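Student: got a predicted structure plus its sequence, pasted below:
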Amino acid sequence: MQENIFKTFGCRLNIFETEVIRSFVEEQNLRNVVILNTCAVTTEAERKAKREVQKLRNNNPSSFLIVTGCAAQLNPSFFQKMREVDLVLGNVEKLSRDSWIKVKGFQSGEKHSLNTRLLTDIMRSTKLKPKTIQPSQTKTRAFIGIQNGCDHRCTFCVIPYARGNSRSLTLKQIKEQIEHLVSSGVKEVVLTGVDITAWGADLPNPKKLGDLVECILKFIPGLPRLRISSIDSVEADTKLIKLLCEEERLMPHLHLSLQSGDNLILKRMKRRHSREDAIEFCSVLKKARPEITLSADLIAGFPTEDEEMFKNTVEVIDECKIDWLHVFPFSPRPGTPAAKMPQISRSIIEERAAQLRDISQTKLNQLLDHKIDSIQSVLVETNLKGFTKDFNKVTFPEGPKIGEIVEMRIKSHEKNELFGLPIS
């Protein structure tokens with residue numbers, strides 16, 4: 001019988017959730033299922049999902065094909081009408097054991113109408129339940145979804161309507177999950193969510209992200225590496241900033257939801273930070289911990305962005321000392337305020353996106369050049385690959401064992417990857 005196929009698009013939270021889905025599929029002993037966990041951050045992400053559905057069906061004609069994730073939550077009817085799709089699962093339902101029990105029933109011959117869906121109004125979801133995954137023997141780095149949803153309403157974004165309002169796991173629930181992972185051999189945990197700096201605000205005894213990070217580092221000494229995923233810098237609390245500056249076990253890399261370097265565009269995006277806020281935040285971190293690397297999201301060609309505004313975005317990359325970028329050409333999402341704003345031409349959007357990508361590649365090359373002949377601590381994740389503390393991929397010869405943290409001397413780089421030799 002054909003093996004199950006799991007395909008994930010989008011963010012680190014989706015990666016974590018696919019692992020949760022995998023655990024349910026294995027628990028129910030499901031076979032011959034194909035699961036696509038979609039993204040909806042851009043219109044291109046939705047088009048990509050459609051193409052992938054068709055490809056998956058063509059390659060797996062007899063499989064039970066399930067589409068879930070943000071694109072499915074936002075536009076279930078579209079996927080439900082696709083002849084290739086057997087089932088559409090909402091973002092709440094994909095993480096529910098009951099849904100996968102029903103899938104097992106569908107496969108075992110219970111009455112089932114193809115092209116159906118299991119999906120509820122996610123805006124009514126008020127609680128987040130812990131999801132413990134069982135890492136495989138080679139799983140040395142694991143994601144933990146500590147928070148879901150978003151209470152902000154950026155003018156370009158539809159994700160709050162795909163993920164619901166912000167809701168947090170308790171500190172105790174997170175601690176128990178990480179302890180389980182560490183006991184299973186995991187060496188690095190990545191805290192992820194939709195808006196992780198909002199973590200704890202909805203709990204009966206409200207907490208800040210810095211409180212959570214401090215607790216993990218203090219009470220789980222067996223965890224060598226703790227990493228934070230994308231954050232809004234302006235919402236980083238004082239304790240979190242102090243820990244980022246001082247704690248060796250808190251990895252020196254942050255991904256910033258920057259989006260623009262122009263204050264008027266930031267206001268029109270309904271962002272919560274200014275250009276000056278971002279520069280100050282990055283300056284504090286770089287001064288206290290020079291080895292920290294910073295990556296950032298930037299949107300090219302937001303409505304009304306003129307040449308001077310774009311120039312401000314280009315300049316903020318240097319002023320914040322950003323090391324690489326995730327560039328998103330603006331695409332209007334139906335129903336968002338930005339879709340009703342005066343649009344700029346597609347050719348200008350693509351031209352600016354290409355310019356930002358070129359800058360990103362230059363910055364990354366400079367970073368990798370700087371690492372040549374340095375000694376880096378590398379977590380071995382496969383036979384020949386691993387990651388430095390500041391989240392650069394390293395290739396090396398056979399020898400180091402999976403799960404080891406090995407000191408390596410960096411000799412060169414190629415195709416955005418470092419090449420290192422273990423120090424004997």
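Tutor: Alright, I've got the coordinates. Numbering: from 1, shown residues only.
Student: from here on, contacts and neighbour counts on C-alpha atoms
Tutor: OK.
Student: can you pull out the helices in the stretch 301-424 of the chain?
Tutor: For the stretch 301-424 of the chain, helices defined by DSSP state H, counting those that start in this stretch occupy the ranges 307-319, 346-371.
Student: and the chain, by the same measure?
Tutor: Applying DSSP state H to the chain gives helices spanning 12-27, 43-59, 70-74, 76-80, 97-107, 159-163, 171-183, 209-219, 238-246, 263-269, 275-288, 307-319, 346-371.
Student: comparing those by mean pLDDT, which bottoms out?
Tutor: The stretch with the lowest average pLDDT out of those is helix 97-107, scoring a mean of 86.
Student: now do the buried residues in that helix.
Tutor: Residues 97, 99, 100, 103, 104, 106 are the ones in helix 97-107 that count as buried (16 or more other CA atoms under 10 Å).
Student: closest one to residue 278 out of those, please.
Tutor: Proximity of the buried residues of helix 97-107 to residue 278 (CA to CA) peaks at residue 97, which lies at 41.3 Å.
Student: surely that closest one and residue 25 touch.
Tutor: No - if you go by CA atoms under 8 Å, residue 97 and residue 25 don't touch, sitting 9.2 Å apart.
Student: quick one on the thing from earlier: take the helices of the stretch 301-424 of the chain and write them to a markdown table, including mean neighbour count.
Tutor: Compiled in a markdown table, the helices of the stretch 301-424 of the chain are given as follows (neighbours: other CA atoms under 10 Å):
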| stretch | mean neighbour count |
| --- | --- |
| helix 307-319 | 17 |
| helix 346-371 | 17 |
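Student: now render those as CSV, adding distance to residue 169.
Tutor: Formatted as CSV, the entries for the helices of the stretch 301-424 of the chain read as follows, by distance: least, CA to CA, whole Å:
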stretch, distance to residue 169
helix 307-319, 34
helix 346-371, 35
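Student: how about those, which one is nearest residue 88?
Tutor: Closest to residue 88 of the helices of the stretch 301-424 of the chain is helix 346-371 (CA to CA; 32.4 Å).
Student: that closest one to helix 307-319, inter-axis angle?
Tutor: Between the axes of helix 346-371 and helix 307-319, defined by axes from the mean of the first three to the mean of the last three CA atoms, to 10 degrees, the angle is 10 degrees.
Student: on that earlier part again, which of the helices of the stretch 301-424 of the chain sits closest to residue 130?
Tutor: Between residue 130 and the helices of the stretch 301-424 of the chain, the tightest spacing by CA to CA is seen for helix 346-371, at 36.3 Å.
Student: and the closest one, what does it pack against?
Tutor: The criterion is 3 or more CA pairs under 8 Å, 6 or more residues apart in numbering; DSSP states H and E, and the helices and strands that helix 346-371 contacts are strand 293-300, strand 324-329, strand 405-414.
Student: domain map for the protein?
Tutor: Here the domain assignment for the chain is 5-120, 125-229, 252-371, 375-422, based on automatic domain parsing.
Student: let me have the ones you listed in a markdown table, adding distance to residue 244 as columns.
Tutor: A markdown table is the format used below for those (distance: least, CA to CA, whole Å):
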| stretch | distance to residue 244 |
| --- | --- |
| domain 5-120 | 20 |
| domain 125-229 | 9 |
| domain 252-371 | 7 |
| domain 375-422 | 12 |
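Student: nearest to residue 239, of those domains?
Tutor: Taking CA to CA as the measure, those were each checked against residue 239, and domain 125-229 came out nearest at 5.0 Å.
Student: ends of the closest one, how far apart?
Tutor: One end of domain 125-229 to the other measures 23 Å (CA to CA, to the nearest Å).
Student: check the offset of that domain from the chain's centre.
Tutor: Domain 125-229 has its average C-alpha position 12 Å from the chain's average C-alpha position, going by CA atoms, centre = their mean, to the nearest Å.
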